[in-house]
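1. Pasting the sequence and the predicted coordinates here, then a few questions.
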Amino acid sequence: MKFSTFNARAEIVADSPVYRKPFRMQRCLIPANFFYEPDKITVLKPPHPWYLFQLKGGELFAFAGLYDVWEDKKTGERVERYTMITTEPNELVGKVHGRMPVILTKDEEDI
């Protein structure tokens with residue numbers, strides 16, 4: 001099985017060897033004004049519905065993220081990547097999906 005760092009689970013991000021350093025030193029904000037989630041019931045039976053979630057006013061907000069930069073040993077190229085931190089869903093998102101992005105408040109963005 002191929003290892004994926006597509007999303008980082010909030011419950012383990014501080015202790016995971018993959019995310020430990022970025023969690024301490026390389027946090028980032030991922031700006032957005034909405035996100036999509038697939039329906040958890042029909043996700044294995046395409047075509048499946050996707051749901052759009054946004055703040056009531058449609059304003060911009062930020063997801064919690066981590067970034068990393070390294071050199072590809074084969075090509076010598078600089079590689080820049082980021083990942084979104086996900087968490088257990090709130091009541092609304094939980095109706096359609098088992099995870100959701102960590103959405104930061106304005107005060108949390110400064111941290």
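-> Yep, it's here.

2. residue boundaries of the helices in the protein?
-> For the chain, the helices defined by DSSP state H occupy 20-25, 91-94, 106-110.

3. What are the buried residues along the shortest one?
-> To tie it back to what came earlier, the one meant is helix 91-94. Within helix 91-94, the residues scored as buried using 16 or more other CB atoms under 10 Å are Val93. In short, each C-beta sits where N, CA and C put it, glycine included.

4. follow-up on the earlier one: any chance of the helices of the chain in TSV, with mean pLDDT and distance to Glu80 too?
-> As requested, those are exported to TSV (pLDDT from 0 to 100; distance: least, CB to CB, whole Å):
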stretch	mean pLDDT	distance to Glu80
helix 20-25	92	12
helix 91-94	93	29
helix 106-110	92	21
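
5. Any chance of TSV for those helices, columns distance to Phe35?
-> TSV is the format used below for the helices of the chain (distance: least, CB to CB, whole Å):
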stretch	distance to Phe35
helix 20-25	21
helix 91-94	9
helix 106-110	17
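
6. Compare the ones you listed and give me the one nearest Pro38.
-> Between Pro38 and these, the tightest spacing by CB to CB is seen for helix 91-94, at 11.4 Å.
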